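Novice: sequence plus predicted model, see below.
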Amino acid sequence: MITKIKHIRKLFTVRNIRLLLLVIGIIIVLFNDVFGKIEGFIEFLFLYFISVCIAVAHWLFVNIKFIINLKNEKAKTELMHLQSQVNPHFFFNMLNNLYGLVDKDSEKAKALILKLSDMMRYSIYEGQKEYVTLAKEIDFIQNYIELHKMRYHKNIDLKFEIDVDNDLLKIMPLLFIILVENAFKHGVEVLRNDAFVTIAIKTIQNKVTFSIQNNFDSEDKSVQGIGLENLKRRLELAYPKKHEYSTLIENEVYSAKLSIQL
């Protein structure tokens with residue numbers, strides 16, 4: 001409350017100074033002939049000009065600072081909105097798959113639900129944070145892979161290579177899982193035989209590199225969801241000029257690589 005009162009007083013003081021300078025300027029213009037004959041008027045005019053320049057510079061500084069803060073708040077709000085979209089998108093796909101399994105194998109469905117509940121807990125509590133440790137993100141990906149292994153009745157070649165020298169590095173949560181989910185959705189779930197997903201995560205000092213490869217059916221015409229667009233926008237907001245994201249399609253193999261300077 002005291003801080004607010006001080007801010008209001010300061011605001012009124014600044015406004016009064018600006019108003020006073022404006023009034024003086026009007027008087028000088030209206031009575032230029034009279035003031036021109038007064039001794040020391042040139043010196044006064046010079047000081048007035050300096051005062052006006054300072055006032056204008058202060059006004060510009062305050063407004064530019066306000067615009068920058070406004071843009072930062074807008075970016076932060078958009079980032080939170082995008083981050084909140086990841087959870088429903090991921091669990092919507094998983095719950096759809098569980099629905100078909102309940103009647104076929106109720107015991108497996110129960111185990112999957114328990115595994116899914118652990119992932120939901122992480123997604124709800126850790127996924128809403130600004131940053132989490134790399135170790136937690138790796139655990140989350142491993143749980144996702146285990147969940148899919150429990151689901152499928154077909155052989156899948158799954159590899160997850162981890163070469164991390166510091167798993168306490170802080171990173172925005174639920175970035176890599178979007179790429180993993182995309183690989184399963186358009187690869188493993190579509191292919192009947194010989195499906196593979198190869199994942200690798202590596203750190204060098206403060207740089208983390210995540211790469212993933214999966215084969216897919218070229219006849220599959222399913223439309224990309226909001227996940228990848230969400231990922232790109234979050235990277236632009238959270239890691240501007242500090243990330244590299246690339247994809248490659250070759251011989252029915254989709255590759256994605258994401259590097260982030262933390």
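Specialist: Right, received. Where do you want to start?
Novice: what strand or helix carries E244?
Specialist: According to DSSP states H and E, E244 maps onto strand 243-250.
Novice: can you pull out the residues in contact with that strand?
Specialist: Outside strand 243-250, the residues that touch it by CB atoms under 8 Å, 6 or more residues apart in numbering are 231-232, 235, 254-261. All C-beta atoms are positioned from the backbone trio N, CA, C, and that covers glycine.
Novice: those residues: which two are farthest apart?
Specialist: Comparing every pair within those by CB to CB identifies Y254 and Q261 as the most remote, at 24.7 Å.
Novice: neighbours of L237, how many?
Specialist: Neighbour count of L237, defined by other CB atoms under 10 Å: 16.
Novice: now do the one 10 residues further on
Specialist: Neighbourhood size, T247 [other CB under 10 Å]: 13.
Novice: any idea what it is bridged to?
Specialist: On the basis of DSSP bridges, T247 is bridged to A256.
Novice: returning to that earlier point: compare Y254 and Q261 (neighbour count), which wins?
Specialist: Y254 (18 against 12).
Novice: so T133 bridges to which residues?
Specialist: Using DSSP bridges, the bridge partners assigned to T133 are K170.
Novice: who's in contact with it?
Specialist: Contact partners of T133, counting by CB under 8 Å, 6+ apart, are 167-171.
Novice: next: I113.
Specialist: L98.
Novice: if I look at it, how far off is S123?
Specialist: I113 sits 15 Å away from S123, going by CB to CB, to the nearest Å.
Novice: ditto for N182
Specialist: In this view, N182 and S123 are 17 Å apart by CB to CB.
Novice: and D163, by the same measure?
Specialist: Distance from D163 to S123, counting by CB to CB: 26 Å.
Novice: swap in K115?
Specialist: According to CB to CB, K115 stands 13 Å off from S123.
Novice: now swap in I156 and tell me
Specialist: Separation of I156 from S123 (CB to CB) stands at 23 Å.
Novice: next one: Q261
Specialist: Applying CB to CB to Q261 and S123 gives a distance of 25 Å.
Novice: next: N166.
Specialist: Distance from N166 to S123, by CB to CB: 24 Å.
Novice: looking at the two, which is more packed in?
Specialist: Between N166 and S123, S123 has the larger neighbour count (other CB under 10 Å), namely 20 against 14.
Novice: that one is in contact with L174, isn't it?
Specialist: Yes - using CB atoms under 8 Å, S123 and L174 qualify as a contacting pair, with a distance of 6.9 Å.
Novice: do you have the helices of the protein handy? List them.
Specialist: Using DSSP state H, the helices of the chain run over 2-30, 32-35, 41-101, 106-125, 134-151, 176-183, 227-238.
Novice: beta partners for K207?
Specialist: Bridge pairing for K207 - DSSP bridges - gives I204, Q261.
Novice: distance of it relative to K149?
Specialist: Counting by CB to CB, the gap from K207 to K149 is 30 Å.
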